[in-house]
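**Q** Need the 3D shape of this:
(one chain, ligands or ions: 1)
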Amino acid sequence: MSVKHEQSARAFREAKNFIPGGVNSPVRSFGAVGGVPPFIARAAGSKIIDIDGNEYIDYVGSWGPMILGHAYPAVTEALQQAVLNGTSYGAPTLLETELAKLINELMPSMELVRMVNSGTEATMSALRLARAFTGRNKILKFVGCYHGHHDSLLVKAGSGAATLGIPNSPGVPDSIAGNTLTVAYNDITELRSVFAEMGQDIAAVIIEPVAGNMGLVLPKQGYLGAVRQLTEQYGALLIFDEVMCGFRVALGGAQSVYGVKPDLTCLGKVIGGGLPVAAYGGRRDIMEHIAPAGAVYQAGTLSGNPLAMTAGIVTLKLISQIPETPRQPDFFHKLTAKTKQLCQGLQAQAAKFELKLQFHQAGSMFGLFFSDKAVDDYDSAKQSDAGAFNTYFHAMLEQGVYLAPSQFEASFMSAAHTDEDIAATIAASAIAFARVADY
Ligand code: PMP
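**A** Sure, this is the predicted structure:
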């Protein structure tokens, strides 16, 4: 394919005149890998097309939401119908209850659900609720987990914050960051000792049960269960941030895979089908403290927006399709199998060049680390070779494969990716890994 980026380069220069850094979310700027980010003109199925006319097989999927692929006909048709009825009313609709009900059926721990517009809002609101409910101020998060950019959680965060080296952003008051305790992911001993010291002050533990913001890192066997046990013992709430992994690792989220029931869950991405939706919810006795049922204030002009609800409803219905025959694999089995097929193909290519890589997969999320050591927390993730990743990333991009432009991000498979896409990606990886081996 042609790899001309002239239009994108011009657009990026122009954007920088009017938008900080030329982008509306930092990781889009390719700050970690260098070069010009392709400006996207349109997308369909598994492909995105930039303004220079380059077509890419897309494994970013808008950072997770596009599980059905781009411009999925049933979603776009429902949106076309919905838009004719008006785009926002600021008044209740049937659609909001329908989406909340669907979420509750798929994730029964979410007894009451409140819709918001971004994952940041969901985690921010869940923390306020946890503090109000417990009457405690401290919260505990894990190094390398990212939960959005509000003050309490922009502390030792992953994702773009990790990539850009600003886990503690200027502008976050010490008085707020000081209430956020951080502990290494997957280290139950460290967590136990923090609880032993100040467990009575901790309102909530918030965790990505499958972490996608330091690259893809899986919880160790028994780890989430131990976190659940400790929070219960000390009367702290357990918040699962499933904004990324919910409806990605399995239909019931990580909580169904690991059999651990959190008090509160945050969702986003897939539940909006590509429109701005997120949600938090959980135990009825806790959620009933949210206004107007209770005194904890949280609101939103566009929350529960009818277009966003429509996209979410259609998406959740499609991904929860029941197989017509018992032997027919369901949506998630197929998607997971496809992701495995890709990972195995990539692994086989890497092996040819004797590259020592760590491949991780959870459902339709996958990631690789250029490291010869096991990666199970942020420290080990950071030890991977950033230069090798950049070489690999650009070699893939040149060949029409669009991966997340950072080592500290997961990649996503969609239902729209075909066997041909997977074969083309594996073929491209042979060239990319050869370059890494030479680098
Ligand atoms: N939590 C997790 C686990 C996330 O991955 C993200 C975003 N990638 C967020 C929260 C924040 O969501 P948003 O970008 O919609 O604010």
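
**Q** What's the separation between residue 110 and the ligand?
**A** 16 Å (Cβ to the nearest ligand atom, to the nearest Å). For glycine as for every other residue, the C-beta is placed from the backbone atoms N, C-alpha and C.

**Q** Show the pLDDT at that residue.
**A** On pLDDT, residue 110 comes in at 98.

**Q** Same question for residue 324.
**A** 61.

**Q** The ligand contacts on the stretch 51-200 of the chain?
**A** Counting by Cβ under 6 Å from any ligand atom, the stretch 51-200 of the chain comes close to the ligand at 63, 118-120, 123, 146-148, 159.

**Q** Am I right that residue 182 is in a strand?
**A** Yes - counting by DSSP: H, G, I helix; E, B strand; the rest coil, residue 182 is found in a strand.

**Q** Show the contacting residues for residue 61.
**A** Contact partners of residue 61, counting by Cβ atoms under 8 Å, 6 or more residues apart in numbering, are 67, 69-70, 412, 414.

**Q** if you set the cut-off to 10 Å instead, what comes out?
**A** Residues in contact with residue 61 (Cβ atoms under 10 Å, 6 or more residues apart in numbering) are 43, 46, 48, 67-70, 248, 269-270, 274, 364, 402, 404, 411-414, 416-417.

**Q** where along this structure do the strands fall?
**A** 40-44, 47-50, 55-58, 112-116, 138-142, 180-183, 202-207, 237-241, 264-267, 278-282, 358-362, 365-369, 401-402, 411-412 (DSSP state E).

**Q** Run a quick check on residue 343 versus residue 358, I expect a contact.
**A** No - using Cβ atoms under 10 Å, residue 343 is not in contact with residue 358; the gap is 11.2 Å.

**Q** overlap in contacts of these two?
**A** Common neighbours of residue 343 and residue 358, using Cβ under 10 Å, 6+ apart, are 367-368.

**Q** ok, the residue nearest to residue 230 when sequence neighbours are not counted to the ligand distance?
**A** Excluding the flanking residues, the one nearest residue 230 by Cβ to Cβ, 6 or more residues apart in numbering is residue 195, at 5.3 Å. Distance, residue 195 to the ligand, by Cβ to the nearest ligand atom: 23 Å.

**Q** residues contacting residue 195?
**A** Residue 195 neighbours (Cβ under 10 Å, 6+ apart): 140, 181, 183, 202, 205, 227, 230-231, 233-234, 236.

**Q** Save the strands of the chain as TSV, and put in mean neighbour count and distance to residue 89 too.
**A** Shown next, in TSV, are these (neighbours: other Cβ atoms under 10 Å; distance: least, Cβ to Cβ, whole Å):
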stretch	mean neighbour count	distance to residue 89
strand 40-44	15	29
strand 47-50	20	32
strand 55-58	21	33
strand 112-116	24	14
strand 138-142	25	35
strand 180-183	20	37
strand 202-207	26	32
strand 237-241	29	30
strand 264-267	30	23
strand 278-282	27	19
strand 358-362	20	38
strand 365-369	24	35
strand 401-402	22	37
strand 411-412	28	32
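
**Q** quick one, phi psi at the closest residue to residue 4 other than its chain neighbours?
**A** Take residue 4 and drop its neighbours on the chain: the residue closest to it by Cβ to Cβ, 6+ apart is residue 52, 5.1 Å away. The phi and psi torsions at residue 52 (degrees, to the nearest 10) take the values phi -90, psi 0.

**Q** Can you report how many residues neighbour residue 52?
**A** 19 (other Cβ atoms under 10 Å).

**Q** Also residue 135?
**A** 7.

**Q** Distance of residue 340 relative to the ligand?
**A** Distance of residue 340 to the ligand, computed by Cβ to the nearest ligand atom: 22 Å.

**Q** Since that was my last question, I'll sign off now.
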